[in-house]
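1. this is a predicted model, with the sequence first.
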2 protein chains.
Amino acid sequence: MIPATAADQDLIAEVRAIVGERGVLTGEDVRGRSCDPFRAVPPLGPMIARPASTSEVSRIMALCARRGQRVVTHGGRTGVAGGAYAGPDELVISLERMARIEEICDIGLVAVVEAGVTVEALQNAAAARGLLYPVDLGARGSATIGGTIATNAGGNRVLRWGMTRQNLLGLEAVLIDGTAVSAMNRLTKNNTGYDLKHVLVGSEGTLAIVTRAVMRLVPAPSSQAVAFVSVAGHEALLALLGLARRLSTLSAFEVMWPDYYDLVSASGADRRPVEPGRGPCVLIEAMGYSAVLDRKIFEDFLEGAYEAGLIAEAVVAASDRQIAELWRVREASEVIVREMSPFVSFDVSVDVRHVEAFVERAKTLLGAAYRLVRTATFGHLGDNNIHIAVHVGPGTAAEETNVERLVYQALGEFCGAITAEHGIGQLKRAFLPDHKSAGEMTMMRRLRDGLDPDRLLNRDVLF
Amino acid sequence: MIPATAADQDLIAEVRAIVGERGVLTGEDVRGRSCDPFRAVPPLGPMIARPASTSEVSRIMALCARRGQRVVTHGGRTGVAGGAYAGPDELVISLERMARIEEICDIGLVAVVEAGVTVEALQNAAAARGLLYPVDLGARGSATIGGTIATNAGGNRVLRWGMTRQNLLGLEAVLIDGTAVSAMNRLTKNNTGYDLKHVLVGSEGTLAIVTRAVMRLVPAPSSQAVAFVSVAGHEALLALLGLARRLSTLSAFEVMWPDYYDLVSASGADRRPVEPGRGPCVLIEAMGYSAVLDRKIFEDFLEGAYEAGLIAEAVVAASDRQIAELWRVREASEVIVREMSPFVSFDVSVDVRHVEAFVERAKTLLGAAYRLVRTATFGHLGDNNIHIAVHVGPGTAAEETNVERLVYQALGEFCGAITAEHGIGQLKRAFLPDHKSAGEMTMMRRLRDGLDPDRLLNRDVLF
């Protein structure tokens, strides 16, 4: 371990004076952590500060501004875009000691939480009161509310309840000079001045540190219907989506392309609800509050789609266990890891009209560059969001940037977005200027300069 | 008419060189307009510029930046907060010649429009394609998409489809130095960098001029059910709202307090669907895509509410004509104008738990200050948004500021918002600092300084 320099020791002492002994991690407690969920990427700086209140965050930030000290904020450290990576001259501020659920209100349908609360903890606290926190994603057990605000996390049910942005009512945040911005709004409609939370959502820690938040809750649905269907092709898929959008209860429309479904359905009979080799498959879910009638509406929808010739084969879950089984077909990332590693993973958005053409174009470009190309394509089609895993042989890891370049080239031809929900972080930063207009880059720069003129916050993130 | 100064004539000539003869209004064509829907408030500056493209807006803005020329942007000029008021040294830029609907896509469910398109024109164009533009408000015929973005307009169906912010996917805007920011995103999920549209929504023309936009559409509902009910009191009202939130099809929950309902129902038998004098009334609307089953779910809900003792009396519309009649009871602003003028009108938000206490407190404060106090209270309770009209005698107009002070004092005690959907404009500007935290004011100032350092855009608006 590299011993701390005098300057580091001075910083550590100053931070310790603010947050106390428990609020400071150094040495092995720092190096033993990772900033990445898939590989060991320890923070390289001298310490992790663990403030216990907005006021402590504020005092640390004022200190950093005074010292010109760079800062990286840590939530659950399971983001996949490198937004939490911290270099040798960066102080990590972790919100892990601010993990209190302060209030759940079942009349106002809000939760007041500290930023270090995990998505799962909030989901559970809401469920205990008959409510639902609608944002759900694989990393629910580690991702924090603060982190999901910073990255505008999405997930499976965005087409019904929106991304984190749409479920955020208010927040408290600290600017780099220590200014605490208290904007703990609980109201659905509030047009008093700039809605500052929306400036911070998705800013990936570059503008402020979010310390507390007010999240929107909804009544917990009491009905859930899930069907797994295969469709004839792209036209039928779009027509089916059009029909599904007329379900007031629609909560998920998850598409699996044949490359994905063939792989996953070969991994076991319980993951083969319909015959493979018939075109794309779709998991359609509806959630509501009137079990019997919701079911009838869902069945009418399926019947209509079948009669219109849109569905080749369909399975409807008859029990909670079957619902879980069908979802396991869609969430089979461990099969991809087992069968396709190493692979490059994509999280892109593209106009539903162009999804098929984009996927074909990306495969064509990859096929022209590599002898062996394997892909698994799936995603939240109702939100324009598809994920692709790409394997180009044992040397895939070394080819990562080139594979990204090819896929993003195809994406650019269809005006797609290089990240739908994972964010830019450090890992996609180089690609950003090619996918934003010059005016957007200018405006982003002015906003960042306005709030963090010395670029002390997450300097290597975004742009 | 005051003749134009040499400096004015110079400005007019420079703008004319950009936008051509048709793009310039001067003299009576300026003074004959009003910046306020209720009174004659003409623009006081030398001219109105009417650019026909983003590029023309950009060139005018660059000119203004160079000259240090202040600018006020005009959409439909029917905002009620004075956001369009223009002083003698302010150039008005009107988007009225940018009123083209460029595209409606019924697969991607988006509309691409110029900012001067009215809400109604977009609604009609969407309807012609079997789609709905969900934002709806009284001023639909005059309010423009650009103006509703600048003010984040709400309306009647926010609890189902959200405010303008939630229905905006992308935009094009021009910064004060002429930088055109093209961010015409069409994708639901797109986390590539700061989501700049959200910085501009609700900024009331102080940060940029929006010139084009991509709006979200939804399939046009095919079922509509409306009930008009009276409830016993505040507790029953909140319990009824709780039940109604479990309707996946809920599209409106509009409350009329006795002061409002007694006034309106006395104006004619067709506006008296239930007996007055029984506590608050509620118009509940549900819209969906399965006529028969939606109706059954709605009736089950009403039956449940009745059995739980929440509803005293109920009327369910049996035809489109009856639906329109019931909505007319809720939208009877002309009765208020006829029976209560002059009055001060409020658009506030307050936590549903405290609505009743707030209304009582406001009336108590008004009652202590004035011998005669008449009120009419109604609003979108599901969104926390209530409107109050207050009359304190023939001298009400002169008392406006004092009446506002009293109502906002009551509101402050319950952490309410002084504007839910109308905005701050010039007319509520003086009250803003009392209702925002010091940190919020600081952050707002830094954002404004970052984008418009010389405060040339809508200088007297907001703060």
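-> Alright, I've got the coordinates. Residues are numbered from 1 along each chain as shown, chains lettered A, B, ... in the order given.
2. and residue A:81, how close does it get to residue A:390?
-> From residue A:81 over to residue A:390 the distance is 17 Å, taken as C-beta to C-beta, to the nearest Å. Glycine gets a C-beta too; all of them are placed from N, C-alpha and C.
3. not counting residues beside it along the chain, what's closest to the residue most central in space within chain A?
-> In chain A, the residue lying closest to the centroid (C-alpha atoms, centre = their mean) is residue A:153, at 3.4 Å. Closest residue to residue A:153 apart from its sequence neighbours, by C-beta to C-beta, 6 or more residues apart in numbering or on different chains: residue A:164 at 4.9 Å.
4. ok, residue A:81 and residue A:390, which is more surrounded?
-> The residue with more neighbours, out of residue A:81 and residue A:390, is residue A:390; 25 against 22, by other C-beta atoms under 10 Å in any protein chain shown.
5. quick one: contacts for that one?
-> A:343, A:344, A:345, A:346, A:366, A:373, A:374, A:375, A:396, A:403, A:407 (C-beta atoms under 8 Å, 6 or more residues apart in numbering or on different chains).
6. does it sit in a helix, a strand or a coil?
-> Assigned state for residue A:390: strand (three-state reduction, DSSP: H, G, I helix; E, B strand; the rest coil).
7. isn't residue A:79 right up against residue A:423?
-> Yes: contact status for residue A:79 versus residue A:423: in contact at 6.5 Å, counting by C-beta atoms under 8 Å.
8. what segments of the stretch 251-400 of chain A are strands?
-> A:281-288, A:311-316, A:344-349, A:374-380, A:385-391 (DSSP state E, counting those that start in this stretch).
9. tell me the most buried of those strands?
-> Among the strands of the stretch 251-400 of chain A, strand A:281-288 has the highest mean neighbour count (mean count of other C-beta atoms under 10 Å in any protein chain shown), at a mean of 26.
10. is any part of that one close to chain B?
-> Yes: under the criterion of C-beta under 8 Å from any C-beta of the partner chain, strand A:281-288 makes contact with chain B via residue A:288.
11. what angle do that strand and strand A:311-316 make?
-> 50 degrees (axes from the mean of the first three to the mean of the last three C-alpha atoms, to 10 degrees).
12. partner strands of strand A:281-288 and their direction?
-> Using DSSP bridges, strand A:281-288 pairs in its sheet with strand A:223-231 (antiparallel), strand A:250-256 (antiparallel).
13. and the first one, C-alpha only, in PDB?
-> What that stands for is strand A:223-231. Only the C-alpha atoms of strand A:223-231 are listed here, as PDB (Å, rounded to 0.1, in the frame of the first residue of the first chain):
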ATOM      1  CA  SER A 223     -53.600  -8.400 -10.000                       C
ATOM      2  CA  GLN A 224     -50.800  -9.600 -12.300                       C
ATOM      3  CA  ALA A 225     -51.200 -11.300 -15.600                       C
ATOM      4  CA  VAL A 226     -48.300 -12.600 -17.700                       C
ATOM      5  CA  ALA A 227     -48.300 -14.100 -21.200                       C
ATOM      6  CA  PHE A 228     -45.300 -15.300 -23.200                       C
ATOM      7  CA  VAL A 229     -45.900 -15.300 -26.900                       C
ATOM      8  CA  SER A 230     -44.100 -15.800 -30.200                       C
ATOM      9  CA  VAL A 231     -44.800 -13.600 -33.200                       C
END
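14. quickly check: the following helix or strand past it near chain B or not.
-> Note on strand A:223-231: by DSSP states H and E, the next helix or strand toward the C-terminus is helix A:234-244. Yes: using C-beta under 8 Å from any C-beta, helix A:234-244 reaches chain B at A:238, A:242.
15. share the number of residues neighbouring the closest residue to chain B within the stretch 251-400 of chain A, please.
-> The stretch 251-400 of chain A approaches chain B most closely through residue A:289 (3.8 Å), counting by C-beta to the nearest C-beta. When neighbours are counted by other C-beta under 10 Å, residue A:289 registers 19.
16. and the gap between it and residue A:101?
-> Counting by C-beta to C-beta, the gap between residue A:289 and residue A:101 amounts to 25 Å.
17. likewise for residue A:141?
-> 15 Å.
18. what do you get for residue A:281?
-> Distance, residue A:281 to residue A:101, using C-beta to C-beta: 38 Å.
19. which of residue A:141 and residue A:101 has more residues huddled nearby?
-> Set residue A:141 next to residue A:101 and count neighbours by other C-beta under 10 Å: residue A:101 wins out with 17 against 12.
20. wait, that one sits on residue A:117?
-> Yes: between residue A:101 and residue A:117 a contact is recorded at 5.8 Å, counting by C-beta under 8 Å.
21. pLDDT at whichever residue of the stretch 351-463 of chain A sits closest to chain B, what is it?
-> Scanning the stretch 351-463 of chain A for the residue nearest chain B gives residue A:450, at 2.4 Å (criterion: C-beta to the nearest C-beta). We have a pLDDT of 97 for residue A:450.
22. what sits up against the helix or strand where it lies?
-> In the assignment (DSSP H and E), residue A:450 maps to helix A:438-451. By C-beta under 8 Å, 6+ apart, the surrounding residues in contact with helix A:438-451 are A:175-176, A:199, A:206-208, A:433, A:436, A:455, A:462-463, B:175, B:179-183, B:193-194, B:196, B:199, B:443, B:446-447, B:449-451.
23. quick check: buried residues in it?
-> A:439, A:440, A:442, A:443, A:444, A:446, A:447, A:448, A:450, A:451 (16 or more other C-beta atoms under 10 Å in any protein chain shown).
24. next one: residue A:277 from residue A:262, what distance?
-> As judged by C-beta to C-beta, residue A:277 and residue A:262 stand 7 Å apart.
25. same question for residue A:64.
-> According to C-beta to C-beta, residue A:64 and residue A:262 sit 52 Å apart.
26. tell me where the stretch 101-250 of chain A has strands.
-> Using DSSP E, counting those that start in this stretch, the strands of the stretch 101-250 of chain A run over A:101-105, A:110-114, A:131-132, A:168-174, A:180-183, A:209-216, A:218-219, A:223-231, A:250-256.
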